[in-house]
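> Pasting a predicted model and its sequence here:
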4 protein chains.
Amino acid sequence: MTVRVGVIGAGIMGMDHITNLATAISGAEVSFVADLDGARAADAAQQVEACSTTDPSALINSPEVDAVVIASHDSTHAELILACLQASKPVLCEKPLAPTVDECRQIVAADEEIVAATGRSLLSLGFMRRFDPGYQALLRHTGSGDAGTPLMVHCVSRNVASGPNTTTTTAITNSAIHELDIIPWLLGSPIVEVAWHAGRRSASAPEGFQDPALMLLRTADGVLTTLELFLNAQYGYSTRCEVVSERGTASLAEPALLSTNESLRQSTAYPEDWRPRFADAYRIQLQAWIRSLQDKTASPLATARDGLRAAQVAKALITASADSRNAFTGVDYS
Amino acid sequence: MTVRVGVIGAGIMGMDHITNLATAISGAEVSFVADLDGARAADAAQQVEACSTTDPSALINSPEVDAVVIASHDSTHAELILACLQASKPVLCEKPLAPTVDECRQIVAADEEIVAATGRSLLSLGFMRRFDPGYQALLRHTGSGDAGTPLMVHCVSRNVASGPNTTTTTAITNSAIHELDIIPWLLGSPIVEVAWHAGRRSASAPEGFQDPALMLLRTADGVLTTLELFLNAQYGYSTRCEVVSERGTASLAEPALLSTNESLRQSTAYPEDWRPRFADAYRIQLQAWIRSLQDKTASPLATARDGLRAAQVAKALITASADSRNAFTGVDYS
Amino acid sequence: MTVRVGVIGAGIMGMDHITNLATAISGAEVSFVADLDGARAADAAQQVEACSTTDPSALINSPEVDAVVIASHDSTHAELILACLQASKPVLCEKPLAPTVDECRQIVAADEEIVAATGRSLLSLGFMRRFDPGYQALLRHTGSGDAGTPLMVHCVSRNVASGPNTTTTTAITNSAIHELDIIPWLLGSPIVEVAWHAGRRSASAPEGFQDPALMLLRTADGVLTTLELFLNAQYGYSTRCEVVSERGTASLAEPALLSTNESLRQSTAYPEDWRPRFADAYRIQLQAWIRSLQDKTASPLATARDGLRAAQVAKALITASADSRNAFTGVDYS
Amino acid sequence: MTVRVGVIGAGIMGMDHITNLATAISGAEVSFVADLDGARAADAAQQVEACSTTDPSALINSPEVDAVVIASHDSTHAELILACLQASKPVLCEKPLAPTVDECRQIVAADEEIVAATGRSLLSLGFMRRFDPGYQALLRHTGSGDAGTPLMVHCVSRNVASGPNTTTTTAITNSAIHELDIIPWLLGSPIVEVAWHAGRRSASAPEGFQDPALMLLRTADGVLTTLELFLNAQYGYSTRCEVVSERGTASLAEPALLSTNESLRQSTAYPEDWRPRFADAYRIQLQAWIRSLQDKTASPLATARDGLRAAQVAKALITASADSRNAFTGVDYS
């Protein structure tokens, strides 16, 4: 049975999902596309022989739609997820679950009500790094215990340039959020306290955005994680993660297809944005989701509760970023 | 429209194709599996809810089969391909096209007769390296002219251990064949003469097999390619290719997911065989083939004629390997 | 004119200096060796045809000694340096200048009195990393401005195992001290505040020693430096330093002589301790010192004041390491 | 006792030796400099407070000269070496020993006459790669047998641009000569036959020079070595050597001080010529030579016979390069 997917949001991320579903995923097709911009929706829909609309609820409630992907603006996530749950449609929402803890709590409540009633969640959250082959290998290596107990983790997350309207706060809720999910997933331990420190501010950072910044995350197991977030790093898109354990360390390798020798340099290329770096992760995640829908098995993606926890840690970091003492701030999971 | 694929041969390579088609390729399903070993065929078929048989012609002629993948023993390729063409079924045959030049010629003739009659070939050849993202990047880099005209190419092809019954001859027709296809594809120039030289023989090489060996390939453009083939290299599976051009060089990067520090070493891992190294290439090639069938466009895979040319170069290398003067041998394309 | 050097301390570090001076440095010879252990002094002296003693003052005041190298226990540095200054002998003292700020201040005062009187300092301090070709290249790259203004620096300092009696405090005064000197040298800006955070404690760390630890150093220019110090990292000796600037980053390359392929791994080796890693730095530093004595030019090595500043930062870190609030501590340069 | 060295030839290579001897070598000083260009000789001599001359024999026979370094044009080597032997002065001659086999034979005869008479050779040959820490590590690794018996070796030798008047012949006698010495040294087995093949010719190669070229060297142990020599490679100076053995391989690592991230590239630098790459090798070789003179022990440098053997292999390669059959040519050691 082919899963007919409706995609809400036909921006960069939504188009990637549409193209993947239509050309690279087994058992799926795109049946409906929604976007506030009707022409953009129609263009996208035409490419994959789907219907289009500017009204997400028309898509969600269409009998031509078996499942929904939400790739619209962060601020719309909560309302759209709740509409999908209301319509009993499986939904994959892009990270973050929602920008605020309150919205996340509301989603978790609705999701858990359905689980209580039907025994199965309808909601999957797109923390795609969990499906990146590199992070998967790091998880296996860490879990194998070959290098002993993890003690520290060093993360670096650099982009060429920050998106429009990025602030210190949205850099946390939209970018750092990846590490806020991946670190507990990797270590099997929740983040219990955080700190935030400014680097020297880059002249390329837009007003209102302290870039780069250093974040410290302490998990319940005592491991200390450092995260350098630098969204205007200019030189390229790069994601690093090194787990320092008692007998050795393991790091994500920087993917590269070619090594070239030119002009007195030996070099490899960085991508300009996240898409080439995490193309496999997005594809594998989508395939896993479609597969779970076909097989009627539990989704292996992140859950609403994972999204809530990341939002709670983000909230603590936002508090820490405004703390002139620069001390650790506890995470409130209540 | 979903393409219903029949797969002939349920060994290692055939199972990879079956799993890909059933779980990772858009627009395809496996409808039939054939294998001389009936139990193996049935097992494979059951996993993907397909029919099974020990008779390839039943599969080829089944109305449930829209297209055929041939992954059976090299010696069966010619007969099975011709049966597919006879049945007017699109077919993807694993490399090599056939072990002998004569068989390849017969296939090319049958293929070209169909093209003459219908305007479209039914035959695609699985030289999957053409779809490897690394080789694709190397092709783009070489074609861009950024580094100037290519002058030499260095290839290294190492396996952990040679398969059963490998000889100096089958190492050429089954392993070196990849470079015999990829070098003309990369340079846009046919191989016109070849030489073959023995390395010091490894104690791990089975009787009748000179391993490692050095092959030299001269293309019509004057470029000299070296190929070290070492199938009992023990340390890991590795494929290298460096294009040396007038102003610089470009090499395939060795893929790795993690870099680890342990026991006084910094290291990355090699796979034990070709499957992890070329998993992407096989998947992308299959998807491109299925896509061309859906869209009724020309297949972007290698052709019968590509397979014939590789077989003709292989024949020259086999001749060279028996030449005590160690001189170059011309390739006979007549 | 050959400079006749007396070396105080014939332990691991002293023997390295003795061997270098006798066999690899232009214009120098070892004329005298002092060690509390008379047999050890005699052994060392015999290898280089020098005199030996258990009394450092006999060495310092000998007419056979033109200049002195101090490589004895940290606790002896202050007294021996003052004796050399008293005897008007040029002296190269191993880092740290002295374990306490008070001793360092006393040395600076004595040194500056001599400079005031004679126009030339007699004291050089062995912060050898300043002469490491890697750090030198990093200094040039940072100074060139090619990558723009530095914003953050990431340092990692890992050893196989901590020495006897290492504590959280001595790990700062003896190991982290290298970065406390090199960061201001690299950035041209003094460290003004510091913080110290525990990692999860390694089971290999001896009692009383929190290992690994993360230190944060803020320089007056606003740059934030992270330093992971992990003296029981087991896997090898490794020193990393990455300068993150506005348009790019530059890191020390990990030196390696060979790359090997074996047992499914591609790898390079780490040394077991600091000597192979910094052998060039020690040799080049010694040569520069000897040269300055021959040419009667100012020593290009670190000064007493550099040593005092590093001790002042170390003192702030020791205070920070005992601070349960984990906040930044200012450095007292008064 | 300080060895007073006279240096003949104050070009690039001679100046490097002069600077090393005067500033970085224990136990040596430069007492005399000779160069056909009197001004150049005087300039060089002044920098190190030495005498100068345009007449090499004045230098060789001066009582102020204990030992001689020959760094003048290849064509002068034989005559100058014989003059040193005549004067009973120890001499270090830059490679090649001499451009022709006949001259080399004459030198070997003179050298062996002295050995027969005095028990000790006066002649050392500057094949400095033997003292490169990378080649030393490769020798130890190969000799350790950890990776099993060597089977093939791959060498690459690339320069930015060929020197004035380079021809296919002088590229062999002046550049490839390094590998002709190092391969037998590494494998402990003489080269018995060779082949030479043209790559596609670079448009940057001057007339009369086939660049790049591939040379094949077969040692008596059966190992096959490939050598790509490309003197107009433009992108940088690079020397590679990979020993392929039964259970693994070992390669020279490309030395680098920094790794930088800039402009969508991660990169390391190549030097523009051989001096940074082999600076350590030259220094260590000179120090070893001076040490052997001080200690009156046998020189650990290459010998006259090593130089003769390399010239004999070069002669075979020159013959092979003119052979249109491209077959192997035996080396004549008679």
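Looks like it arrived, so ask away.

> For the stretch 201-334 of chain A, what lies in contact range of chain B?
Taking CB under 8 Å from any CB of the partner chain as the contact definition, the stretch 201-334 of chain A meets chain B at A:247-253, A:255-263, A:268, A:287, A:291. Where you see a C-beta, it was placed from the backbone N, CA and C, and this is true even at glycine.

> now the residues you listed: which count as buried?
Buried positions within those, assessed by neighbour count (16 or more other CB atoms under 10 Å in any protein chain shown), are A:247-253, A:255-262, A:268, A:287, A:291.

> Now do the strands in the stretch 1-150 of chain A.
Read by DSSP state E, counting those that start in this stretch, the stretch 1-150 of chain A holds these strands, from start to end of the chain: A:3-8, A:28-34, A:51-53, A:67-70, A:91-94, A:123-126, A:150-158.

> so can I have TSV of those strands showing distance to chain B?
Formatted as TSV, the strands of the stretch 1-150 of chain A follow (distance: least, CB to the nearest CB, whole Å):
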stretch	distance to chain B
strand A:3-8	12
strand A:28-34	7
strand A:51-53	19
strand A:67-70	15
strand A:91-94	17
strand A:123-126	18
strand A:150-158	13
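
> Using the record's assignment, carve chain A into domains.
Listed domain ranges for chain A are A:3-127+A:279-301, A:130-273+A:312-330 (source: automatic domain parsing).

> any chance of those in JSON lines, plus mean pLDDT and distance to B:Y237?
Rendered in JSON lines, the data for the domains of chain A read as follows (pLDDT from 0 to 100; distance: least, CB to CB, whole Å):
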{"stretch": "domain A:3-127+A:279-301", "mean pLDDT": "97", "distance to B:Y237": "20"}
{"stretch": "domain A:130-273+A:312-330", "mean pLDDT": "97", "distance to B:Y237": "17"}
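
> Of those domains, which is nearest chain D?
With CB to the nearest CB as the criterion, chain D lies closest to domain A:130-273+A:312-330 of these, at 3.5 Å.

> Now do that closest one: distance to the chain's middle.
Relative to the centre of its chain, domain A:130-273+A:312-330 is centred 13 Å away, using CA atoms, centre = their mean, to the nearest Å.

> where along chain A do the helices fall?
Here chain A has its helices, by DSSP state H, at A:12-23, A:38-47, A:56-60, A:77-86, A:101-118, A:133-144, A:168-170, A:177-187, A:274-295, A:304-321.

> Pipe those helices into TSV and attach distance to chain D per row.
Listed next are these as TSV, based on distance: least, CB to the nearest CB, whole Å:
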stretch	distance to chain D
helix A:12-23	19
helix A:38-47	29
helix A:56-60	37
helix A:77-86	32
helix A:101-118	35
helix A:133-144	16
helix A:168-170	24
helix A:177-187	20
helix A:274-295	11
helix A:304-321	26
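
> what residues does the stretch 101-250 of chain A put near chain D?
Those residues of the stretch 101-250 of chain A that sit near chain D, judged by CB under 8 Å from any CB, are A:235-236, A:238.

> How about the residues of chain A by chain C?
When proximity is defined by CB under 8 Å from any CB, chain A lies next to chain C at A:148-152, A:154, A:156, A:195, A:197-204, A:212, A:214, A:216, A:221-224, A:226, A:228, A:230, A:233-235, A:244, A:246-249, A:325-328.
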